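Trainee: Quick one, what's the 3D model for this:
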Amino acid sequence: MLSRIAESLFWLARYIERAEYTARILDVNFHTVLEQSKDKYRLHWDPLIVMAGEEERFRALYGKADARAVFEFLAFRKDNPSSIVQCIAKARENARTIRDYISREMWEDINSLYFTVNRFQFDEEMAAGPHRFCDTIRFGSHRFHGVTDATLPHDEGWEFLRIGGFIERAEMTARLVDVQYHILYDAPEEIAGRDNHQWMAVLKSVGAYEAYHRKYHSSIEPEKVAEMLIMHPLHPRSILFSITEVQAGLRAISRTRAGAGTGSYANEAERLTGKVLERLRYDRITEIFQLGLHSYLNDMLRMCGAIGEDIARNYFYYAVVA
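Mentor: Below you'll find the predicted structure:
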């Protein structure tokens, strides 16, 4: 496979995943704010900018984080490279460059989503509430993945697309847990401890609310929320599940057999993925909290970044000819 095709598929999936995650968090956050009193207002909106990794850019443009500013910045700003409209545009551009490789159905689907998204107007959506816009993104992402799985051969290209999506998902989940946990635990006790609405919002933003109650049969507890989103082996948005899928994809590309020997790997990305998985599988949530959740999740983010960089070095970059 040509490296440019592999790279385009990798980033196509990452941009789609980033757009969906941002839409999920915006939608849930907006409706949670409506249910809460005004003294919690900033508690809900500031973390979203931190999670997006664009706090400096946002402060330069807006200063104060409120519903209108955050929604415009994360959904519609074309000078924000992580906004939803920009992610969809970049996903479409990556798809356009490899139209001869992807299926016709994939191209028609992402192209249709691009034009649908660009018909939305910020003022209209803000007045009506962001649910319609966010639902379009969320279901557009689901439809794209369904069309892809049904029409793209499950060869190396499909593996690169899958790896990109799950690396992005692992990073977004790590940021979500880290930022929300830090903000809520640092909040005054009378605010942070009053109810569980924000923890409920965290679970709903990743589609884990019902799964949480099926697993724990208890009220929402912060430590259990963190455990589920970090270490649940079967929930599709947990970090453990996502990194397991990344490992499977990397092994499929390099043809490294699972169980071929202790510590077997074909490249640095596979080694780092295995290292992350060992921690996630054998650590306990009580140990993580004792050592520090923030430090643990920062390590996860750093390792995910390193995995992505090594994938690029191994598969995407052209060799320099002297």
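
Trainee: and the longest helix for this protein?
Mentor: Counting by DSSP state H, the longest helix found in the chain is helix 3-35.

Trainee: Counting by contacts, list what that helix packs against.
Mentor: With contacts defined as 3 or more C-beta pairs under 8 Å, 6 or more residues apart in numbering; DSSP states H and E, the packing partners of helix 3-35 are helix 41-52, helix 67-71, helix 84-97, helix 131-151, helix 156-186, helix 197-205. Where you see a C-beta, it was placed from the backbone N, CA and C, and this is true even at glycine.

Trainee: if we go to 6 Å?
Mentor: helix 84-97, helix 131-151, helix 156-186, helix 197-205 (3 or more C-beta pairs under 6 Å, 6 or more residues apart in numbering; DSSP states H and E).

Trainee: buried sites along the last one?
Mentor: The neighbour-count criterion (16 or more other C-beta atoms under 10 Å) identifies Gln198, Trp199, Met200, Ala201, Val202, Leu203, Lys204, Ser205 as the buried residues of helix 197-205.

Trainee: coming back round to it: let me know the average pLDDT across the longest helix of the chain.
Mentor: Taken as a whole, helix 3-35 has a mean pLDDT of 89.

Trainee: Now do the buried residues in that helix.
Mentor: Those would be 5-30, 32-33, for helix 3-35 by 16+ other C-beta under 10 Å.

Trainee: relative orientation of that helix and helix 156-186 in degrees?
Mentor: 30 degrees (axes from the mean of the first three to the mean of the last three C-alpha atoms, to 10 degrees).

Trainee: so helix 3-35 versus helix 84-97, what angle?
Mentor: Using the same axes, to 10 degrees: helix 3-35 against helix 84-97 is 160 degrees.

Trainee: can you list the helices and strands packed on helix 3-35 in CSV and add distance to Arg57?
Mentor: Formatted as CSV, the helices and strands packed on helix 3-35 follow (distance: least, C-beta to C-beta, whole Å):
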stretch, distance to Arg57
helix 84-97, 12
helix 131-151, 21
helix 156-186, 16
helix 197-205, 22
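
Trainee: Redo the ones you listed as CSV? Include mean pLDDT.
Mentor: Formatted as CSV, these follow (pLDDT from 0 to 100):
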stretch, mean pLDDT
helix 84-97, 98
helix 131-151, 96
helix 156-186, 88
helix 197-205, 81
